[in-house]
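> quick one, structure for this:
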Amino acid sequence: QVQLVELGGGMVQPGGSLRLSCTASTASLSNYAAGWFRQAPGKEREAVSCLGRSDGTKYYTDSVKGRFTISRDNAKNTVYLQMNNLKPEDTAVYYCGIDDEEFGCFFRSDEYDYWGQGTQVTVSS
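Predicted coordinates:
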């Protein structure tokens, strides 16, 4: 069983930045595509960004393009989501998921094999 741990959430003012990290203790993340999803109260989980295993594929949902950056550091076995210029509508629990897909990445949550427990991001003045 793969365990993922997300860190880096918190409360920031609009315009602020946070960097989320996702690490795995029992798997090498370099063998997986990775995705960040979020779920706001009363809303369905939505895809934010995903990163292919090794082919450079990256996707972002329209609302975060130009503000969020997904990346991975295989030496640290970590996937990151850098979030800049945060807005109140970014407030949600953010989840990291991994998918053993060899090529590309997907915005469908049912593609993902393992999930972390989530980290809360709150953007408020």
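> could you look up the SS state of Pro14?
coil (DSSP: H, G, I helix; E, B strand; the rest coil).
> tell me how many other residues surround it.
13 (other C-beta atoms under 10 Å). Backbone N, C-alpha and C define where each C-beta goes, glycine included.
> and the residue nearest the centre of the chain, bridged to which residues?
When C-alpha atoms, centre = their mean is applied to the chain, the residue found nearest the centroid is Trp36 (2.4 Å). According to DSSP bridges, the partner residues bridging Trp36 are Ser49, Cys96.
> isn't it right up against Lys58?
No - with contact taken as C-beta atoms under 8 Å, Trp36 and Lys58 are classed as non-touching, separated by 11.2 Å.
> common neighbours of those two, please.
In the contact map built from C-beta atoms under 8 Å, 6 or more residues apart in numbering, the residues linked to both Trp36 and Lys58 are 49-50, 70.
> any chance of the residues you listed in JSON lines, plus pLDDT, distance to Gly15 and neighbour count?
Formatted as JSON lines, these follow (pLDDT from 0 to 100; distance: C-beta to C-beta, whole Å; neighbours: other C-beta atoms under 10 Å):
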{"residue": "Ser49", "pLDDT": "98", "distance to Gly15": "20", "neighbour count": "24"}
{"residue": "Cys50", "pLDDT": "98", "distance to Gly15": "25", "neighbour count": "27"}
{"residue": "Ile70", "pLDDT": "98", "distance to Gly15": "21", "neighbour count": "21"}
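> quick check, nearest of these to Gly104?
Minimum distance to Gly104 across the shared contacts of Trp36 and Lys58 is 8.5 Å, recorded for Cys50 (C-beta to C-beta).
> tell me the contacts of the closest one?
With contacts defined as C-beta under 8 Å, 6+ apart, the neighbours of Cys50 are 33-36, 57-59, 70, 105-107.
> contacting residues for the residue nearest to the centre of the chain?
Each residue near Trp36 by C-beta under 8 Å, 6+ apart is listed here: 20, 22, 47-50, 70, 79, 81, 94-97.
> as TSV, the residues you listed with distance to Gln120 would be great.
TSV is the format used below for those (distance: C-beta to C-beta, whole Å):
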residue	distance to Gln120
Leu20	11
Cys22	15
Ala47	18
Val48	14
Ser49	18
Cys50	21
Ile70	19
Val79	18
Leu81	14
Tyr94	8
Tyr95	11
Cys96	14
Gly97	17
